[in-house]
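[1] sequence below, structure please.
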Amino acid sequence: MKSKTLIYFISGAIFLMQAACSKFLDRDPQTALTQEQAFSSLDKIEPVLDGLMTSWRNLHKDRGGFIFMLGNDETQQGAYQVMTDPDQSALAKYSSFLNASNNAVTGQWQPRWTLVPIAAQAIYALQNFTDTSNAALKDELLGEACFIRAALEFELTQYWGRVPAKD
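    Model (predicted):
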């Protein structure tokens, strides 16, 4: 008798857990926009581009902005950095060691490349935007998106050559 009660209890608990989870798992995100929502109106695209611009500017702070200037006469490293890290010492000369296989340079690819598709999505959405009520804002946002994408791709091509692009 006890085993039957235990089986009924476990079965009931499993049934209740399954019923309770179905609504929880089928909900839309409450704290973030979906991709379709983010690019659905100019009011929503503008903060996306502001975030892209901030992310791009932050890439140029500290080491991120310093890496792409190394090897020319604009920047120099200190003796400590050159002596303690072989990858670092290669950055002080404009030579064959200043290339994409250098770990310091390679670390600059990912933060830039992840921003390129977002800028491309914004360009696509703005080019296909049909509401003409605010054409001036649309053109301004399109210019910002094109600038961010071009600047990022320029930086990437400095060390990695041709950047994969899908038209």
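
[2] and stretch 33-40, what's buried?
    By neighbour count on 16 or more other CB atoms under 10 Å, the buried set for stretch 33-40 is A38, F39. In short, each C-beta sits where N, CA and C put it, glycine included.

[3] start the count at 621, not 1, going forward
    All right, first residue 621 from here; so that's stretch 653-660.

[4] between the two ends of that stretch, what distance do you get?
    End-to-end distance of stretch 653-660: 10 Å, with CA to CA, to the nearest Å as the criterion.

[5] after the host helix or strand of A739, which helix or strand is next? Please name it.
    For A739, the enclosing helix or strand under DSSP states H and E is helix 736-747. Using DSSP H and E, the helix or strand that follows helix 736-747 in sequence is helix 755-780.

[6] just checking, what packs against that following helix?
    Secondary structure elements in contact with helix 755-780, counted by 3 or more CB pairs under 8 Å, 6 or more residues apart in numbering; DSSP states H and E, are helix 662-679, helix 729-733, helix 736-747.
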